[in-house]
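Engineer: Please work out how this folds:
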Amino acid sequence: MKKWGYLLLFLLCLGFAGVTFINKALFFQDKVVIQKYDQNHKDNIGTSENLQKEEISKEQIYQGNLLLINSKYPIRQESVKLDIVNLSKHKELINGYGLLDTNIYLSKGITQKFSQMINDAEKEGVSHFLISSGFRDFVEQSVLYQEMGADYALPAGYSEHNSGLSLDVGSSLTKMDRAPEGKWLKENAWKYGFILRYPQDKTDITGIKYEPWHIRYVGLPHSAIMKKKNFALEEYMDYLKEEKNISANVNGEKYKIFYHPVPKNTTIHVPTNLRYEISGNNMDGVIVTVFP
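Structural biologist: Alright, predicted model coming up:
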């Protein structure tokens, strides 16, 4: 009788462990589902009762985290992130990674998101990250371009480093294309709102050679959609302009995204009961992201 009792107890434990494993597998599954919304769908952005008007000036085209910065669309001085800090003077921000030197600047908010990502990487045994370059002002970029030439640098205003949105990440072990740090970022950075801005298979689109060290913040759900569809930022901007409005379900969280052309000062509708962000695309319009 005791043998049957022990056997029953063993089977119950095994079943519980199996259910736990399945639940964990589902919870940690990186699931991204993207849909196009019908313009007349009742759940498109909300009902008329929970919408409000927001005035959009043409200057907003050049503000936000989704700015496309390349040889065709340079960044403006007024587009630079306002919370740029010298990281070596903010020890509380340096968490889990090193700095190549004491003159590395970056957006404070983006540094905090980067630190969260690096802390999670460390939990997985990947821990030799360092920042080799961050924000550069227009003067510094101009000097770099004159000294290094067009093969190694971009003119002032045409580099993502002039925005405060991008940084170069290295490994103290080896080059990023071989380092565990580079491989981890390639697979996981999107979960934290970052993208590998210049992938190896997109050089004909970005016009920039493969840079496994250069990451750029765009935020969720945009990084998830770009990862799912294997889009460079140029392709993603074209996609949003073509689709106009989409929804994205990222690990159970539903986001809504709307593109609005802004030929002049205009008015758009935004929800009154949900959190949202508005970012320009640095070209011709703004993108509204509605959060869960």
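
Engineer: Helices along this protein, start to end?
Structural biologist: According to DSSP state H, the chain carries its helices in the segments 2-27, 108-123, 138-148, 180-188, 203-206, 222-229, 233-243.

Engineer: Okay, buried residues for the third one please.
Structural biologist: Meaning helix 138-148. Gln141, Leu144, Tyr145 (16 or more other CB atoms under 10 Å). For glycine as for every other residue, the C-beta is placed from the backbone atoms N, C-alpha and C.

Engineer: go on, the fourth one?
Structural biologist: Along helix 180-188, these residues count as buried under the neighbour rule (16+ other CB under 10 Å): Pro180, Glu181, Gly182, Trp184, Leu185, Lys186, Asn188.

Engineer: What average pLDDT does it get?
Structural biologist: Helix 180-188 shows a mean pLDDT of 97.

Engineer: I'd like the buried residues of helix 180-188 laid out as a markdown table, including distance to Ser88.
Structural biologist: Formatted as a markdown table, the buried residues of helix 180-188 follow (distance: CB to CB, whole Å):
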| residue | distance to Ser88 |
| --- | --- |
| Pro180 | 25 |
| Glu181 | 21 |
| Gly182 | 24 |
| Trp184 | 25 |
| Leu185 | 22 |
| Lys186 | 27 |
| Asn188 | 26 |
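
Engineer: Could you point out which of those is nearest to Ser166?
Structural biologist: Each of the buried residues of helix 180-188 was checked against Ser166 using CB to CB; the closest is Leu185, at 13.2 Å.

Engineer: Send me stretch 78-85 as PDB with only the CA atoms.
Structural biologist: Written as PDB, here are the backbone C-alpha positions of stretch 78-85 (Å, rounded to 0.1, in the frame of the first residue of the first chain):
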ATOM      1  CA  GLU A  78      16.600  71.300 -31.800                       C
ATOM      2  CA  SER A  79      16.000  67.500 -32.200                       C
ATOM      3  CA  VAL A  80      18.800  66.500 -29.800                       C
ATOM      4  CA  LYS A  81      17.700  64.800 -26.600                       C
ATOM      5  CA  LEU A  82      17.500  67.300 -23.700                       C
ATOM      6  CA  ASP A  83      18.800  65.000 -21.000                       C
ATOM      7  CA  ILE A  84      22.300  64.500 -22.200                       C
ATOM      8  CA  VAL A  85      24.800  63.800 -19.400                       C
END
